[in-house]
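Participant: Got a predicted structure plus its sequence, pasted below:
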Amino acid sequence: MGVNEMSIELENEYIELICTIYPDLAVTWGIPKCGYNDFTNWGIKQNINKLEQLLRKSKLQNANRNFRKSVELRIYELTSLYEYRYSAYYCYLIAIKPLLEVIESIDYYNVGMNEEVVISRVRGFSKVINKAINEIRIKKLSKLDLLYTKYLIKKDLDFLKSEILKEYSIDSVQQIYYSIELFFNEIKTRLTEDNEKKFFSSWGAENLINYLNKMTNKKNSCYLIETLYKEAMYEIIMNAEFNIFDIKKSAIQCNERELTKLFQEIYTKCKSIFGEEVNLLDSLNFIDTKDDKSIFGNFRYIKQPLTAVNMKSFLLYSSKNNIMSKEQLKLKVVHEIYPGHHYMNKCFDRTVRGNIYEMSRLNPYIEEGWAKFCEYFYANEIECSDEIKKAYKRNKLLMNIMFIIAIDIHYFKCKKNDIYNKLVGKCGMTIEKINSMLLPINVDPSRALIYYMGYYYFYTYVNQRKKKDKISIICKDIVNNPMIAFDN
């Protein structure tokens, strides 16, 4: 067997294993048949053993460095990360969310493929839920973890109720509803019976730094994190009177026609710097969710499965969501379509020629970091109007606040009242608004870190290269290989 054949065999083995550990990736990678894996302690140890065997094989066969680093990252996630990330939310993320996203996507993707996915995942779903219930019964969980997971599942049960009423509803949707309801009831029981739950579940400075190092492939230090924290906090203090929630209602309707017009305006201004992509919108479907009940959210880009043929990506938006100014809507287009997510994915897909392993190297720090950098660059270097700068300032301050909350909880291990004292009254923040951010960031700090740290690394990389290269060359290099900003 030649070197290339051995490499492909290793990559295929890796992808097959990862799709069982992270079933949501199976859809992203265009692999329809993927059942649930055992994510109890015993099941996780089995997966670690399989990955370690794969790592040994990759070293013997002298597989490329990036492949070995990917395997090492998965082992890290299932060992060190699992121990302090385990939560009711983790059960939800692994067991419930992937299945529900597939069910909802039936309206958007090819129906046949998704029915196949649903059927493969429904098999054994009740068994998986029972395992999840047993796991949360024996774990000591934080109150915020339970509250946030309860909130998410309540939303999902409402969604499933509406699906059951549809004529084209899959037969097994009702079965799924009852299984998830059992999990929901167990969480409610845990919330009422345990009076000694800790409020937060903090990772701690060392764990957080190790996590960032693994995910960003950078050598993050305590000094760097504390410096960035001080800079973010200083920006909040200096703009304390700027209310990020004081938003003018949009003078334009949020619909496909207006979003297309904004895209064309942005594309014309940016193409000399970021590059051209003829007929970029031909590979994008605009889907009006009409309200905020979609589990995908009311403004989100969903990438097509990598191995899909003639399948488009999607931009989900709500025509009822009219609380954005025209400038904010522009920044949404910059972030989600061009030169953000959709454009980068199209360029990178072409670069790796559909190689699932290479595409799997993308992570949320790269994807969201690039999109946030695009917002900054468009507002401050291209359009430069006072209104667009103000809209970007609102986004940047919100990103800062989320980063501060994540570091306060998981690095400094602050108490809830300490966070209130720092932020209440600044930039329009209230206790209620802080609480709405505490819930998701407590159970998963990456929800805040991917934006701030990802943006920081792209911003730093571009500024370093600007000393010798044109900005157009730098940006085109990034969209073809976004990992370059994270290579040590």
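Facilitator: In hand now; what should we look at?
Participant: what's the neighbour count on residue 335?
Facilitator: 23 (other C-beta atoms under 10 Å). (C-beta placed from N, C-alpha, C; glycine too.)
Participant: Please determine how far it is located from residue 78.
Facilitator: Using C-beta to C-beta, to the nearest Å, residue 335 is found at 31 Å from residue 78.
Participant: quick one, phi psi at the spatially closest residue to residue 274 that is not a sequence neighbour?
Facilitator: Among residues not flanking residue 274 along the chain, residue 339 sits closest, at 3.9 Å (C-beta to C-beta, 6 or more residues apart in numbering). Main-chain dihedrals, residue 339, degrees, to the nearest 10: phi -90, psi 20.
Participant: and what of the one 3 residues further on?
Facilitator: Geometry field for residue 342 lists phi and psi as phi -60, psi -40, criterion degrees, to the nearest 10.
Participant: One more: the one 3 residues further on?
Facilitator: For residue 345, the backbone dihedrals (degrees, to the nearest 10) come out as phi -60, psi -40.
Participant: so who does it touch?
Facilitator: For residue 345, the contacting residues are 303, 313, by C-beta atoms under 8 Å, 6 or more residues apart in numbering.
Participant: Give me the distance between it and residue 365.
Facilitator: Counting by C-beta to C-beta, the gap from residue 345 to residue 365 is 15 Å.
Participant: pretty sure the residue nearest to residue 274 contacts residue 272?
Facilitator: No - counting by C-beta atoms under 8 Å, residue 339 stays clear of residue 272, with 11.5 Å between them.
Participant: With neighbour numbers in mind, choose between the two.
Facilitator: Counted by other C-beta under 10 Å, residue 339 and residue 272 do not tie: residue 339 has more neighbours, with 29 against 11.
Participant: how long is stretch 304-319 end to end?
Facilitator: Stretch 304-319 has an end-to-end distance of 23 Å (C-alpha to C-alpha, to the nearest Å).
Participant: With stretch 435-451 instead?
Facilitator: Start-to-end, stretch 435-451 (C-alpha to C-alpha) is 20 Å.
Participant: Any figure for the gap between the closest residue to residue 477 other than its chain neighbours and residue 382?
Facilitator: Closest residue to residue 477 apart from its sequence neighbours, by C-beta to C-beta, 6+ apart: residue 484 at 6.4 Å. When distance is defined by C-beta to C-beta, residue 484 is 22 Å away from residue 382.
Participant: contacting residues around residue 399?
Facilitator: Taking C-beta under 8 Å, 6+ apart, we find residue 399 in contact with 372, 448, 451-452, 455.
Participant: What is the burial count for the residue nearest to residue 477?
Facilitator: Residue 484 has 13 neighbours, counted by other C-beta under 10 Å.
Participant: pretty sure it is in contact with residue 474, am I right?
Facilitator: No - the criterion here is C-beta under 8 Å, and residue 484 misses it with residue 474 at 9.5 Å.
Participant: Which helix runs longest in this protein?
Facilitator: When the chain is parsed with DSSP state H, its longest helix is helix 386-410.
Participant: so how far is the helix or strand just after that one off the chain centroid?
Facilitator: Sequence-wise, the next helix or strand downstream of helix 386-410 (DSSP states H and E) is helix 416-423. Distance, stretch centre to chain centre, for helix 416-423: 26 Å (C-alpha atoms, centre = their mean, to the nearest Å).
Participant: what angle sits between helix 416-423 and helix 386-410?
Facilitator: 160 degrees (axes from the mean of the first three to the mean of the last three C-alpha atoms, to 10 degrees).
Participant: Convert the C-alpha atoms of helix 416-423 to CSV, please.
Facilitator: The C-alpha trace of helix 416-423 is given here as CSV (Å, rounded to 0.1, in the frame of the first residue of the first chain):
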residue,chain,number,x,y,z
LYS,A,416,-22.3,36.4,40.5
ASN,A,417,-22.4,39.6,42.5
ASP,A,418,-18.9,40.5,41.5
ILE,A,419,-19.9,40.3,37.8
TYR,A,420,-23.0,42.4,38.5
ASN,A,421,-20.8,45.1,40.2
LYS,A,422,-18.5,45.3,37.2
LEU,A,423,-21.0,45.5,34.5
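Participant: So which elements touch it?
Facilitator: With contacts taken as 3 or more C-beta pairs under 8 Å, 6 or more residues apart in numbering; DSSP states H and E, helix 416-423 sits against helix 386-410, helix 431-443.
Participant: pLDDT (mean, whole number) over the host helix or strand of residue 19?
Facilitator: If you go by DSSP H and E, residue 19 is part of helix 3-21. The average pLDDT within helix 3-21 is 76.
Participant: now do stretch 432-443
Facilitator: When pLDDT is averaged over stretch 432-443, the result is 89.
Participant: For that stretch, buried residues please.
Facilitator: Under the neighbour-count criterion of 16 or more other C-beta atoms under 10 Å, stretch 432-443 has 433-434, 437-443 buried.
Participant: Need the helices and strands packed on helix 416-423 in a markdown table (columns: distance to residue 158).
Facilitator: A markdown table is the format used below for these (distance: least, C-beta to C-beta, whole Å):
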| stretch | distance to residue 158 |
| --- | --- |
| helix 386-410 | 26 |
| helix 431-443 | 18 |
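Participant: residue contacts, residue 213?
Facilitator: Applying C-beta under 8 Å, 6+ apart to residue 213 gives the contacts 219-220.
Participant: Can you give me every residue that contacts the residue nearest to residue 274?
Facilitator: By C-beta under 8 Å, 6+ apart, the residues touching residue 339 are 270, 274-275, 374, 378, 475, 479.
Participant: Then residue 188?
Facilitator: residue 150.
Participant: Beyond the helix or strand that contains it, next helix or strand please.
Facilitator: Element membership for residue 188, per DSSP H and E: helix 173-193. Later in the chain than helix 173-193, the nearest helix or strand by DSSP H and E is helix 205-216.
Participant: Convert that next one to PDB, retaining C-alpha atoms only.
Facilitator: The C-alpha trace of helix 205-216 is given here as PDB (Å, rounded to 0.1, in the frame of the first residue of the first chain):
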ATOM      1  CA  ALA A 205      -7.500  29.200  34.800                       C
ATOM      2  CA  GLU A 206      -5.200  26.200  34.000                       C
ATOM      3  CA  ASN A 207      -8.000  24.200  32.300                       C
ATOM      4  CA  LEU A 208      -9.100  27.200  30.400                       C
ATOM      5  CA  ILE A 209      -5.600  28.100  29.100                       C
ATOM      6  CA  ASN A 210      -5.000  24.400  28.100                       C
ATOM      7  CA  TYR A 211      -8.300  24.400  26.300                       C
ATOM      8  CA  LEU A 212      -7.500  27.600  24.400                       C
ATOM      9  CA  ASN A 213      -4.100  26.300  23.500                       C
ATOM     10  CA  LYS A 214      -5.500  23.100  22.000                       C
ATOM     11  CA  MET A 215      -8.400  24.800  20.100                       C
ATOM     12  CA  THR A 216      -6.400  27.700  18.700                       C
END
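Participant: Which parts of the helix or strand just after it count as buried, going by neighbours?
Facilitator: Per DSSP H and E, the first helix or strand lying C-terminal to helix 205-216 is helix 222-238. Using 16+ other C-beta under 10 Å as the test for burial, helix 222-238 gives 225, 228-229, 232-233, 235-236.
Participant: what mean pLDDT does stretch 200-207 have?
Facilitator: 85.
Participant: Name the residues that touch it?
Facilitator: The contact list for stretch 200-207 (C-beta under 8 Å, 6+ apart) reads 80-81, 84-85, 87, 141-142, 144-145, 211, 222, 225, 409-413, 416, 442-443, 445.
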